[in-house]
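**Student:** Below: sequence and its predicted model.
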Amino acid sequence: MTNSMKDLLLGLGFKAATPAPAIPERRGPTSAQGRAAADPASRSQRTPAAGKGAGQRGHGHGGRREQGAGANVAQPSIRKSHASAAEIDLGKAFALRAQQEKAERIEAERLKQEAAARKRQAKAKVVELLHGKTLDDAAAELVRHFEYNGKIRRVHVTAAQFKALNAGELAVVQLDGRYLLVAADLARQVHDLLPSLVALLVDPQAPVADDPYADAKFAIPDDLTW
């Protein structure tokens, strides 16, 4: 319509048409958050799922934390079990050792008692063997010295007995602290029963130097005064 026609109509009382308001162009959401904000229904449907996923993720992290914590607890338990096993083994070893030592002490005591019993029996036989067979002379005036158990001992003899001792025909036997003069054959029988009781038994084939007290100069009269 031309301006002249428009002016004519306006002059006749017609009003100019009001232009329609412009409708802004709607643009679609450019992201998932925009789409969710534009579509409330969709947002409401997706929210539980998102929460569920978060819960699952949270549960998963918690599970891993719990699993890690369980592993940390298990390690001390394993170490403790190993320590307990070592203590048990050590205790068993000490117990076995103590039992072995006890058995050894019992065995040693048993052997000691048996040896003592054999010695008592042998000594009793020696006493019986020597009964009434000793040759000690109360009138003996000479002293025959000899070494016995690391010390110098002596026995009173006559001149004839002194020579017989040096010739190996007589011997000296110790019994209860006394030194008894006996025949050499009898001393050998005592030696067979209890060798420790034979105090002097000269071997006639041995050199004189082996028994320095065999020299007559050591035959000192018992009543000699210095």
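**Tutor:** Thanks, I have the structure now.
**Student:** Every contact and neighbour count from this point should use C-alpha atoms.
**Tutor:** Will do.
**Student:** So residue 140 sits against residue 156, correct?
**Tutor:** Yes: if you go by C-alpha atoms under 8 Å, residue 140 and residue 156 touch, sitting 5.7 Å apart.
**Student:** higher neighbour count, the two?
**Tutor:** Set residue 140 next to residue 156 and count neighbours by other C-alpha atoms under 10 Å: residue 156 wins out with 24 against 17.
**Student:** other SSEs contacting the helix or strand containing that one?
**Tutor:** Element membership for residue 156 (DSSP states H and E) is strand 151-157. Where contact means 3 or more C-alpha pairs under 8 Å, 6 or more residues apart in numbering; DSSP states H and E, strand 151-157 is packed against strand 142-148, strand 178-183.
**Student:** Quick check: buried residues in the first one?
**Tutor:** Translated: strand 142-148. Buried positions in strand 142-148, judged by neighbour count with 16 or more other C-alpha atoms under 10 Å: 142, 143, 144, 145, 146.
**Student:** Quick check: neighbours of that strand in the sheet, parallel or antiparallel?
**Tutor:** Strand 142-148 pairs in its sheet with strand 151-157 (antiparallel), strand 220-221 (antiparallel), by DSSP bridges.
**Student:** closest one to residue 200 among those strands?
**Tutor:** Ranking the strands paired with strand 142-148 by proximity to residue 200 (C-alpha to C-alpha) places strand 151-157 first, at 9.9 Å.
**Student:** any idea of the angle the closest one forms with strand 178-183?
**Tutor:** Strand 151-157 runs at 60 degrees relative to strand 178-183, counting by axes from the mean of the first three to the mean of the last three C-alpha atoms, to 10 degrees.
**Student:** for strand 151-157, what is the average pLDDT?
**Tutor:** If you average the pLDDT over strand 151-157, you get 95.
**Student:** How about stretch 179-196?
**Tutor:** Stretch 179-196 comes out with an average pLDDT of 96.
**Student:** Just the CA coordinates for it, please, in CSV.
**Tutor:** Backbone C-alpha positions of stretch 179-196 (Å, rounded to 0.1, in the frame of the first residue of the first chain) are rendered in CSV as follows:
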residue,chain,number,x,y,z
TYR,A,179,98.0,-99.8,106.1
LEU,A,180,98.2,-103.6,106.5
LEU,A,181,101.1,-105.8,105.6
VAL,A,182,100.0,-108.9,103.6
ALA,A,183,101.5,-111.5,101.3
ALA,A,184,101.9,-110.5,97.7
ASP,A,185,99.5,-113.1,96.4
LEU,A,186,96.8,-111.9,98.7
ALA,A,187,97.5,-108.3,97.6
ARG,A,188,96.9,-109.4,94.0
GLN,A,189,93.5,-110.9,94.9
VAL,A,190,92.6,-107.6,96.6
HIS,A,191,93.7,-105.8,93.4
ASP,A,192,91.3,-108.0,91.4
LEU,A,193,88.4,-107.0,93.7
LEU,A,194,89.3,-103.3,94.3
PRO,A,195,92.6,-102.0,92.8
SER,A,196,92.5,-98.7,94.7
